[in-house]
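Trainee: Sequence plus the predicted model coming up.
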Amino acid sequence: MNTTRNGSTDKSRTVAAVDLGSNSFHMIVARLDDSGSLSIIDRLRETVRLGGGLKDNGKLSKESRERALDCVERFGQRIRALPRGDVRIVGTNTLRVARNADKFLRAAEASFGHPIEVISGREEARLIYLGVAHGRAARTGKRLVADIGGGSTELIIGTGKESERRESLYTGCVSASRKYFGDGVVSQKRMTRAIIDSELVFYPVARFMRAGNWDEAVGCSGTIKAIRNIVHAEGWCESGITLEALYRLQKKLVRQGSVENLDLEGLKPDRSPVLPGGVAILTAIFETLGIAQMRVSDQALREGLLYDLVGRLQHQDVRDVTVQSA
């Protein structure tokens, strides 16, 4: 509880959520009032590509660790002074699988001044769904939520703010781009192989996730939002993402031939190296699950983390947490 200059009592507190993803690190800082309402006051994002530094021996390279720790230091300056219980930091796929993750985690925790929790894929899926369900893209009915991360892809089915089935699958925009387009060359043969590889990953869960099991499909996070921005800017569709727009994006990627030559409306430069892999994975999701069109949510894991944190702090049902501004 803080006291203002005029002596009145400010019952708000500052809370923060940090997502140490395989492609990007994200942080949200918010003000929480005693009614349970959140006001977003700061958002930070840096492209780190921690997953790109995962070597064949399963260890993170020194360069990727140092790049990531530089980002952690900058984030830490913003949240280090906050009370320990008012910050939640999680690591995802790369930190789940890296053989030397402990070394990075010790250094990162010292820099943050807060503990880091490496969450399971299904916990990641639960938090992603929670973020989407609180967002502006949320509607009534059963929904499929898809999130393509750097090293894993989460598929979730839920109703309202409750997730019912959660799957975390080992393919992501960083890992797929590195495997099939690592030298920067984009060809039809490579794109087809990348799509087929992703479809094989999704087939075991397809019968539970296919169209008919949900009323709408919603995508979230950086890769899907980047694709949405491109297909809208190029004029290929006006709402969400369609399968036809994905096919047109594929063809243009192949025509341009390399990551360095990508010239697409709405594409940010830091997204170029992982775009081909992301497009292949999203195409596989559409084709395998029978999706014709996908809506896009601007909220995902970090927002879900924030809502979950607030629910814990206030000992309330996280479904009741509201956001005043975002």
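Mentor: Noted; the coordinates are in hand. Numbers count the residues shown, from 1 in each chain.
Trainee: CA only for contacts and neighbour counts going forward, please
Mentor: Will do.
Trainee: Strands of the stretch 201-326 of the chain, residue ranges please.
Mentor: Assigned by DSSP state E, counting those that start in this stretch, the strands in the stretch 201-326 of the chain fall at 216-220, 241-242, 293-296, 322-325.
Trainee: would you list those strands in a markdown table and tack on distance to Arg143?
Mentor: Formatted as a markdown table, the strands of the stretch 201-326 of the chain follow (distance: least, Cα to Cα, whole Å):
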| stretch | distance to Arg143 |
| --- | --- |
| strand 216-220 | 5 |
| strand 241-242 | 16 |
| strand 293-296 | 10 |
| strand 322-325 | 20 |
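Trainee: Please identify which of those is closest to Arg106.
Mentor: strand 216-220 (30.0 Å; Cα to Cα).
Trainee: can you list the residues that contact that closest one?
Mentor: Strand 216-220 has contacts (Cα atoms under 8 Å, 6 or more residues apart in numbering) with 132, 137, 141-148, 225, 291, 293-300.
Trainee: How about stretch 114-122?
Mentor: So stretch 114-122 is in contact with 80, 84, 87-93, 95-96, 105, 109, 154, 166-169, going by Cα under 8 Å, 6+ apart.
Trainee: Just those residues: which are in helices?
Mentor: By the criterion of DSSP state H, membership of the contacts of stretch 114-122 in helices covers Asn93, Leu95, Arg96, Leu105, Glu109.
Trainee: how close does the first one sit to Gly172?
Mentor: The span separating Asn93 from Gly172 equals 9 Å under the rule Cα to Cα, to the nearest Å.
Trainee: can you list residues touching both of those two?
Mentor: Here Asn93 and Gly172 share the contacting residues Gly150, Gly151, Ser152, scored by Cα under 8 Å, 6+ apart.
Trainee: Let me know whether Gly266 touches Gly235 as I believe.
Mentor: No: applying Cα atoms under 8 Å as the test, Gly266 and Gly235 come out as separate, 10.7 Å apart.
Trainee: out of these two, which sits in the busier spot?
Mentor: Neighbour comparison, Gly266 and Gly235: the larger count goes to Gly266, with 15 against 11 (by other Cα atoms under 10 Å).
Trainee: Just the buried ones from the contacts of strand 216-220?
Mentor: Buried members of the contacts of strand 216-220, counted by 16 or more other Cα atoms under 10 Å: 132, 142-148, 225, 291, 293-300.
Trainee: So which of the residues you listed sit within helices?
Mentor: Of the buried ones among the contacts of strand 216-220, the ones assigned to helices by DSSP H are Val132, Lys225.
Trainee: Would you map the helices across the chain?
Mentor: 62-79, 93-97, 101-112, 121-134, 173-181, 188-209, 221-233, 243-256, 275-289, 301-314.
Trainee: Throw the ones you listed into JSON lines and include distance to Glu162 and mean pLDDT, thanks.
Mentor: Formatted as JSON lines, those follow (distance: least, Cα to Cα, whole Å; pLDDT from 0 to 100):
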{"stretch": "helix 62-79", "distance to Glu162": "30", "mean pLDDT": "96"}
{"stretch": "helix 93-97", "distance to Glu162": "23", "mean pLDDT": "94"}
{"stretch": "helix 101-112", "distance to Glu162": "31", "mean pLDDT": "96"}
{"stretch": "helix 121-134", "distance to Glu162": "7", "mean pLDDT": "94"}
{"stretch": "helix 173-181", "distance to Glu162": "27", "mean pLDDT": "95"}
{"stretch": "helix 188-209", "distance to Glu162": "16", "mean pLDDT": "96"}
{"stretch": "helix 221-233", "distance to Glu162": "19", "mean pLDDT": "96"}
{"stretch": "helix 243-256", "distance to Glu162": "27", "mean pLDDT": "97"}
{"stretch": "helix 275-289", "distance to Glu162": "21", "mean pLDDT": "97"}
{"stretch": "helix 301-314", "distance to Glu162": "12", "mean pLDDT": "88"}
